[in-house]
Structure formats: C-alpha cells, structure tokens
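Participant: Fold the stuff below for me.
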Amino acid sequence: MTRVNIFLSVLTAAILFAGPTLATEVASYKVANGAITASLTGKPGDPEKGKAAFLNRKQGNCLACHQVTALSDHPFHGEIGPSLDGVADRYGLGELRLQVVDAKQVNPDTIMPAFYRKEGFHRVLKKFEGKSVLTAQQVEDILAYLQTFK
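Facilitator: Purely as a prediction, here's the structure:
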C-alpha cells in the first residue's frame with residue numbers, strides 16, 4: 001500500500017468516525033436524474049451554521065480534501081477533491097445535495113465519504129453502526145453555505 005493510499009484510508013476513517021454529532025435517524029429521500037431535489041428537512045439551511053459544519057474537523061471537514069480560495073485564512077486545504085470555487089455555478093442544489101449525501105451514487109469510484117448514510121459500510125466500530133456523519137439539517141446548512149460559492 002502506498003503512502004497516499006494509507007493517508008486516504010486514514011483520512012476517510014477519521015472523517016467518517018470522528019464526528020460527535022452522528023445521527024441515528026436518516027430521512028428518506030428520492031434520487032432522480034443524478035440529484036436529490038427535495039430538502040431533507042423541508043426547510044432551508046443556514047449558511048452560517050453550514051460554514052461551521054463545513055470547517056469542523058469532526059463534521060464536514062471539507063477542507064481536508066477540497067480547496068476554497070475564499071477561505072485562505074484557514075490552513076491546510078486538500079487537493080484530493082476538486083476546488084469548490086464556483087461550485088454553486090457548476091451544479092444545481094439537488095446535484096450538490098446528492099454529492100454530500102452519498103457521492104458514490106454519482107461516481108462509484110470516488111473516495112468522498114457518504115455524509116448522510118448509515119448503512120452499507122464495512123468494518124464499522126460498534127458505537128458508530130447505524131449512524132450517519134451529518135444530520136439532515138447539517139446537510140442542508142452545508143448546502144446553503146455551498147450556494148454562496150459563486
């Protein structure tokens with residue numbers, strides 16, 4: 001196993017299993033045409049709360065893999081995932097929702113964790129079984145924050 005593969009494995013495990021806000025309830029949603037068009041909560045997200053979850057190393061931890069020029073005051077941006085600069089201009093809200101919920105439904109080969117899925121994982125610690133990394137509201141909050149990236 002190369003150093004990069006080891007790093008990616010450790011990073012993914014840390015993202016998936018470090019969050020203190022793990023959710024046990026996962027709302028049902030419908031995927032159609034590469035998107036989840038309906039809100040997971042039925043209400044809009046809060047971009048300020050979304051930014052906090054986006055940056056939080058035990059929740060979204062998005063900067064571990066993605067770069068955002070506007071967040072240059074936060075060190076250690078990742079280069080594994082694509083830059084999120086202008087992401088709201090490139091993708092619709094439903095497409096972004098599916099990426100955050102479970103990016104493997106769009107690209108089965110991605111290493112991006114499923115932040116709103118609680119089943120189908122392998123070798124999960126007992127205390128994390130049946131839990132998602134983010135709550136439905138945190139997903140919607142992060143999406144509201146991503147919508148500011150134009």
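
Participant: Tell me the helix or strand right after the helix or strand of the chain with the lowest mean pLDDT.
Facilitator: Counting by mean pLDDT, DSSP states H and E, the chain has its least confident helix or strand at helix 3-17, which shows a mean of 44. Sequence-wise, the next helix or strand downstream of helix 3-17 (DSSP states H and E) is helix 47-55.

Participant: Other residues contacting that following helix?
Facilitator: For helix 47-55, the external contacting residues (CB atoms under 8 Å, 6 or more residues apart in numbering) are 59-63, 71, 74, 134, 137-138, 140-148. From N, CA and C alone the C-beta is placed, and that goes for glycine too.

Participant: most centrally placed residue in the chain?
Facilitator: The chain has residue 100 as the residue nearest its centroid, 4.0 Å off, counting by CA atoms, centre = their mean.

Participant: next helix or strand past the helix or strand hosting that one?
Facilitator: Following DSSP H and E, one finds residue 100 within helix 93-102. Going down the chain from helix 93-102, the next helix or strand is helix 136-146, by DSSP H and E.

Participant: what distance separates the start and the end of stretch 108-127?
Facilitator: The first and final residues of stretch 108-127 sit 26 Å from each other (CA to CA, to the nearest Å).

Participant: in this protein, what spans have low per-residue confidence?
Facilitator: Where the chain drops to pLDDT under 70, the residues are 1-24.

Participant: how near is residue 128 to residue 62?
Facilitator: Distance, residue 128 to residue 62, by CB to CB, to the nearest Å: 20 Å.

Participant: So for these two, which sits in the more crowded spot?
Facilitator: Neighbours of residue 128 and residue 62, each counted by other CB atoms under 10 Å, are more numerous for residue 62; the result is 26 against 16.

Participant: And for the closest residue to that one other than its chain neighbours, the neighbour number?
Facilitator: Of all residues not flanking residue 62 in the chain, residue 54 sits nearest, at 4.8 Å (CB to CB, 6 or more residues apart in numbering). Neighbouring residues of residue 54 were enumerated by other CB under 10 Å; the total is 23.
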